[in-house]
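Student: Let me see the structure of the following:
(2 chains)
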Number of protein chains: 2
Amino acid sequence: MSTDYNNMWKELGLDLDAHNALLEVLNQGYKDIYLSQENRPKSMEYFDFVMSEVHGLRIKELVDAKKEGKKVIGSYCVFVPEELIIAAGGISVGLCAGADFALEEVENYIPRNTCSLVKSAIGFKLGKVCPYLECADLVVGENTCDGKKKAYETLSEMIDDFYVMDLPQIKNNTGKELFSKEIKRFAEKLEELTGNEITADSLKKGIEIVNNKRKALYRLENLRQEKILPISGLDALLINQISFYDDPLRFTDSVNKLCDELEERIKSENSAYPSKRKRILMSGCPMAVPNWKVPFITESLDAVIVGEESCIGERGLRNPVENNSDNRSDLIENIIQRYFKIDCAVFTPNKERKDHILEMAKKYKADGVILYGLNFCQPYTIEAFSLEKELEKNNLPAIKIETDYSQEDMGQLQTRIEAFVEMI
Amino acid sequence: MSTDYNNMWKELGLDLDAHNALLEVLNQGYKDIYLSQENRPKSMEYFDFVMSEVHGLRIKELVDAKKEGKKVIGSYCVFVPEELIIAAGGISVGLCAGADFALEEVENYIPRNTCSLVKSAIGFKLGKVCPYLECADLVVGENTCDGKKKAYETLSEMIDDFYVMDLPQIKNNTGKELFSKEIKRFAEKLEELTGNEITADSLKKGIEIVNNKRKALYRLENLRQEKILPISGLDALLINQISFYDDPLRFTDSVNKLCDELEERIKSENSAYPSKRKRILMSGCPMAVPNWKVPFITESLDAVIVGEESCIGERGLRNPVENNSDNRSDLIENIIQRYFKIDCAVFTPNKERKDHILEMAKKYKADGVILYGLNFCQPYTIEAFSLEKELEKNNLPAIKIETDYSQEDMGQLQTRIEAFVEMI
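Tutor: Okay, here's the model as predicted:
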């Protein structure tokens, strides 16, 4: 990344030394994990470029947009509707929560026994190393799990405009009502923040943009269901991760271009892998940049990840918003309908998720499922127990993995995943 | 306890060998921790008797009541309104969740990184050693924390009639509406289960019984605010614990008799302790029978626990239900009002709890506060961080303790609490 950004980062209030150190680790990790892969699709060049400029050019675009009066809205969860943000003329960005930072300091604020994702969100703020967070005009938290809900109380004291979206815990009529009110309250907040009215027209535009993005990503997911695998699981995960940061129109275009190339590769039987590999479905907690540990270990073995049942994956992608009305209320209702279907493990019961995993395993022709959980993430790690039994009942081998963002358990994970891959 | 109960236990489906082993440990622990205390109030004899018969005579009473058509409703949380249960002609009992049991087997169902209370609830079911659970006609869970919410999905599969009460996460109007609907839905469930209508008259009676129980316990709490301490913290905790199991009328009467004696003791300056001790407020997670570890360690030092800011303590006791109407809806609304005030850490934000701790510390003349958390209980352990800072701002020394039901950390806890007591 060019050093020309130093002034911009300084103006955003970043800790330049800490930030440089972070970028160095990130770049080295990217080189070791991503650029070392063989026979990658040529169109991955765009995403490599985006990653090389993830704290540079993209931040400059955001800073420039802010100068023109645009508002940047940062969030940590797929329950925050990007359609509404775009409809209000805002820019939606996912916030950094994929790496350990300032861990010791973080543990002055929340317990050691908190999941890495939550610790990371606090650590990036304390360490002043997330330019997305520092240029956000509004940061949106949501009452999903206990860890986030209670940690947001602390994080909100460090951030000027912090907004909490409430969520229900059961998907019944009462829960739906609560959710519906919260989506409408968020729309009002966005109108107030941006000074722009959310109209039927702007909603239709917002829905179209996000639907097209999801459609392009789904196109990619469909290509991963083929016998000939045109792309690695690592690359596909990266693209899903970048979808939270990049300009949505440019991103959609780039994904579609990649898919054109992948279709060609399938036709010419040009697989990303020289020999047949065990097909793994990854299911569970989200993996934010640069949390590539378990996919990297898995694909270093005789295995490939064919799909992600995750917020950064199908859980975040499925169910487009219906865009069939010219009426503002109808369109907002469509957004509510779509987001209320998200089968996050914070809901009880959560049969939809089980059904979806089984459906995905079939579609993606998975040989086995890795139930991926961050340590101390109670919703996903508890749900993994009943899922494992359910999958085995359906003759689908499954393995529960609990880990964090450290590198300490690399050897242990490798041994376990290797044994699993050999067994299936 | 008499062995005459063996048939009863067998009929309830208990595992007699495991249950006998459990009772032996319980009795030995009670002897070591409770009966070894010096200069206890004479009226503690009643509570010693109750404890000696906690799986015997009390269970026989429940079994006899069931034979007469009464229904037993078991629950794990102070959000379940005993007033409604009594109004429907039912009997409310707290369910066993205070000791490790069948731990290895439990970890086949939920992760090791789950709090002891949740593990215990599952363990007592798997081990078939909780006669309260086995004689309950209905078991009520509630969506408080992630651990309970998700573990109830597993527990509910092991229990015939398992009912989940939903809870909101924010105390705003929408949250209140959800809570209100849930209380009314629970009332309907009770009517259906018992075949009894909940009327204004039965509600008034139920509210009166529970208010009187809370009033008697509050009388006890008030006496612990005196400079002369007429009772140990351990004994007071025990009484609060027994309030969840015992017949409410007999219990209330016994607490009032004890309070008469304690008032005499205060007058005659007959303290439970020969010398002045540091006064500790215990705040945080509930302590169910026989989880006496931290109070035992604390009172073995030069300290006494003067109050419990806990579900088994003031959080469960405060705010009587207004009993000022002859109208069913009004009375149910009063119950909703009262229970919605409970300042459990699952709510966000939860300023009421902070205010209540400060108020209690003053009233009970506390020299310091132990912020007690069960390992992996995210709501309380995360809240403890901001509470600690807030208490210190108010010149109240505080210490965060995270522990479980094992005995392994006894030495470490003793060292930490001793240092804290010496420091304050």
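Student: Report how many residues lie close to A:Ile332.
Tutor: A:Ile332 has 23 neighbours, counted by other Cβ atoms under 10 Å in any protein chain shown. For every residue, glycine as well, the C-beta is placed using N, CA and C.
Student: For it, give its distance to chain B.
Tutor: Between A:Ile332 and chain B the distance is 17 Å, computed by Cβ to the nearest Cβ, to the nearest Å.
Student: That residue belongs to a helix, doesn't it?
Tutor: Yes - A:Ile332: assigned to a helix according to DSSP: H, G, I helix; E, B strand; the rest coil.
Student: That one against A:Arg185, yeah?
Tutor: No - using Cβ atoms under 8 Å, A:Ile332 is not in contact with A:Arg185; the gap is 11.4 Å.
Student: Let me see the contact set for A:Thr363.
Tutor: For residue A:363 the amino acid is Lys, not Thr. By Cβ atoms under 8 Å, 6 or more residues apart in numbering or on different chains, the contact list for A:Lys363 reads A:225, A:307.
Student: repeat that with 7 Å
Tutor: Residues in contact with A:Lys363 (Cβ atoms under 7 Å, 6 or more residues apart in numbering or on different chains) are A:Gln225.
Student: Same check on A:Val140?
Tutor: Residues near A:Val140 by Cβ under 7 Å, 6+ apart: A:73, A:75, A:80, A:163, A:165.
Student: Compare the residues you listed and tell me which has the most neighbours.
Tutor: Within the contacts of A:Val140, neighbour counts (other Cβ under 10 Å) peak at A:Ile73, which reaches 26 neighbours.
Student: Quick check: bridge partners of that residue?
Tutor: Legend: beta-bridge partners of A:Ile73 under DSSP bridges are A:Ser92, A:Leu138.
Student: Quick check: the gap between it and chain B.
Tutor: 20 Å.
Student: Okay, helices next: where are they in the stretch 251-400 of chain A?
Tutor: Using DSSP state H, counting those that start in this stretch, the helices found in the stretch 251-400 of chain A span residues A:293-300, A:314-317, A:328-340, A:351-363, A:378-393.
Student: Can you say which of the ones you listed is nearest to A:Leu229?
Tutor: Minimum separation from A:Leu229 across the helices of the stretch 251-400 of chain A (Cβ to Cβ) falls at helix A:293-300, 10.7 Å.
Student: still on that earlier bit, how about a markdown table for the helices of the stretch 251-400 of chain A, with mean pLDDT added?
Tutor: Shown next, in a markdown table, are these (pLDDT from 0 to 100):
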| stretch | mean pLDDT |
| --- | --- |
| helix A:293-300 | 98 |
| helix A:314-317 | 96 |
| helix A:328-340 | 98 |
| helix A:351-363 | 98 |
| helix A:378-393 | 98 |
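Student: Out of those helices, which gets nearest to A:Ser271?
Tutor: Among the helices of the stretch 251-400 of chain A, helix A:293-300 comes nearest to A:Ser271, with 13.2 Å by Cβ to Cβ.
Student: And the most centrally placed residue in chain A, how far from chain B?
Tutor: Taking Cα atoms, centre = their mean as the criterion, A:Ile312 is the residue nearest the geometric centre of chain A, at 3.2 Å. The gap separating A:Ile312 from chain B is 20 Å, by Cβ to the nearest Cβ.
Student: Flag every residue of the stretch 301-424 of chain A that's near chain B.
Tutor: With Cβ under 7 Å from any Cβ of the partner chain as the criterion, the stretch 301-424 of chain A meets chain B at residues A:348-349, A:375-376, A:378-379, A:381-383, A:385-386, A:402.
Student: Counting neighbours, which of those comes out on top?
Tutor: Neighbours here mean other Cβ under 10 Å. Within those, the largest count is held by A:Gln378, at 30 neighbours.
Student: Leaving out the residues flanking it, which one is nearest to that one?
Tutor: B:Asp146 (4.0 Å; Cβ to Cβ, 6 or more residues apart in numbering or on different chains).
Student: do the same with A:Glu197
Tutor: Nearest residue to A:Glu197, sequence neighbours excluded (Cβ to Cβ, 6+ apart): A:Glu191, at 6.0 Å.
Student: quick one, what contacts the one you found?
Tutor: A:88, A:197-198.
Student: that's a strand at it, yeah?
Tutor: No - counting by three-state DSSP, A:Glu191 is not part of a strand but helix.
Student: Roughly how far does A:Asn143 sit from B:Glu226?
Tutor: Distance of A:Asn143 to B:Glu226, computed by Cβ to Cβ, to the nearest Å: 42 Å.
Student: Hmm, I typed the wrong one, I wanted A:Pro41.
Tutor: Taking Cβ to Cβ as the measure, A:Pro41 falls 77 Å from B:Glu226.
Student: likewise A:Lys181?
Tutor: 48 Å.
Student: Report the contact partners of whichever residue of the stretch 201-350 of chain A sits closest to chain B.
Tutor: Going by Cβ to the nearest Cβ, chain B is nearest to A:Thr348 of the stretch 201-350 of chain A, at 5.1 Å. Applying Cβ under 7 Å, 6+ apart, we find A:Thr348 in contact with A:169-170, B:143, B:149-150, B:153.
Student: for the residues you listed, which one is nearest A:Leu262?
Tutor: B:Lys150 (37.8 Å).
Student: For burial, what's the neighbour tally of A:Ser406?
Tutor: There are 12 residues near A:Ser406, going by other Cβ under 10 Å.
Student: which bits of the stretch 51-200 of chain A sit near chain B?
Tutor: Contact residues (Cβ under 7 Å from any Cβ) of the stretch 51-200 of chain A with chain B: A:109-111, A:113-114, A:143, A:145-147, A:149-151, A:153-154, A:166, A:169-170, A:174, A:178, A:181.
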